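S.K.: okay, sequence plus prediction incoming.
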Amino acid sequence: VVRRAGAATWRGLCTAAKATGKLSFAARYPIAFGLGITTIKTQAADLLTQLHFENRQSIDWKRVQVFTIFGFFYLGGCQYFLYNKIMPYLFPRAVAFTKLTLREKAKDVKGLIQLVGQVFLDLGVHIPFLYMPVYYTIKEAVLGDTASGIRQRIQKGLYKYKKNFWEDWPAALKIWIPADLMNFGLMPMHMRLPFMCIVSFGWTCLLSLMRGAGDKIETVKKISNQLPEVDELVERV
């Protein structure tokens, strides 16, 4: 019943959005839409974290700059080509699969296999070996010791990436496994990046709290431990 209600709600939202033209801009200008929404999202998430979760009296604008650069160039630019160009090329059934009904998807074995393949590529390759090192490199390049050269700052960023890997990756999996299943299984291609941005707002807040200001591991462990396990999240989806 819950699944049918969720599917009906989603169809209704899509129909209403299309009728009012709200999806037309995203469909016609996917790159511009993606760049804009990811940049605004990362800025807003870091500002919310600083002012609400960390109760700062003043905003660290250099830290906001890190998330702005990361949101614009990587989340908006690189991830657009990953999700909308590279994945459909590697998984040619991806576009057609998103247009099927839930009943048709359940019978489409090839499409389901490619859905799992997309999730694995994103969470088993992209997130741990591209997304995370790029974030740490940008963060250290902007916030690192200015007395050090850019090469030293990049090396320090990669060192922190390796050091924090087994804290960051499990936290990402708890959020992104169910999100990826929904994104690659339900969303039309031009809405993939915007959907990721909606989910990523919460993830960016967590990442900002975890790594934005001095790697506050103990604070984040408490938050991360309160998140449901992956199998529980998948069960809910």
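M.R.: Yep, that arrived.

S.K.: local confidence estimate at the residue nearest the centre of the chain?
M.R.: Taking C-alpha atoms, centre = their mean, the centroid of the chain lies closest to S200, which sits 4.2 Å from it. On pLDDT, S200 comes in at 82.

S.K.: what about it, distance to Y136?
M.R.: The spacing between S200 and Y136, counted by C-beta to C-beta, to the nearest Å, is 17 Å. Using the backbone N, CA and C atoms, a C-beta is placed for each residue, glycine as well.

S.K.: quick one, what contacts the nearest residue to the residue nearest to the centre of the chain once chain neighbours are set aside?
M.R.: The shortest distance from S200 to any non-neighbouring residue, by C-beta to C-beta, 6 or more residues apart in numbering, is to K41 (6.5 Å). By C-beta atoms under 8 Å, 6 or more residues apart in numbering, the residues touching K41 are 71, 75, 197, 200-201, 204.

S.K.: do you know the pLDDT at L47?
M.R.: pLDDT for L47: 90.

S.K.: now it: which helix or strand?
M.R.: If you go by DSSP states H and E, L47 is part of helix 30-48.

S.K.: report the secondary structure state of the residue in the chain sticking out farthest from the centre.
M.R.: Here the chain reaches farthest from its C-alpha mean at A147, the gap being 32.7 Å by C-alpha atoms, centre = their mean. Following DSSP: H, G, I helix; E, B strand; the rest coil, A147 is assigned to coil.

S.K.: any figure for the gap between it and Q65?
M.R.: With C-beta to C-beta as the criterion, A147 and Q65 are 19 Å apart.

S.K.: just D168 next, same as before
M.R.: 21 Å.

S.K.: these two: which is more packed in?
M.R.: D168 (23 against 15; other C-beta atoms under 10 Å).

S.K.: excluding its backbone neighbours, what's nearest the more buried one?
M.R.: M132 (5.9 Å).

S.K.: count the residues that sit near the one you found.
M.R.: Per other C-beta under 10 Å, the neighbour tally for M132 reads 22.

S.K.: where in this structure is pLDDT low?
M.R.: Residues of the chain meeting the criterion pLDDT under 70: 1-26, 212-237.

S.K.: and the longest helix for it?
M.R.: Ranked by residue count, the top helix of the chain under DSSP state H comes out as helix 150-186.

S.K.: okay, buried residues for that helix please.
M.R.: Within helix 150-186, the residues that count as buried by 16 or more other C-beta atoms under 10 Å are 153-154, 156-157, 160-161, 164, 168, 171-181, 183-186.

S.K.: got it, and stretch 134-150?
M.R.: Using 16+ other C-beta under 10 Å as the test for burial, stretch 134-150 gives 134-140, 142-144.

S.K.: same question, stretch 50-60
M.R.: 50, 60.

S.K.: show me the helices in this structure, by range?
M.R.: Under DSSP H, the chain gives helices at 2-20, 24-28, 30-48, 61-69, 79-81, 87-90, 94-98, 102-107, 109-120, 132-143, 150-186, 192-211, 217-226, 230-236.
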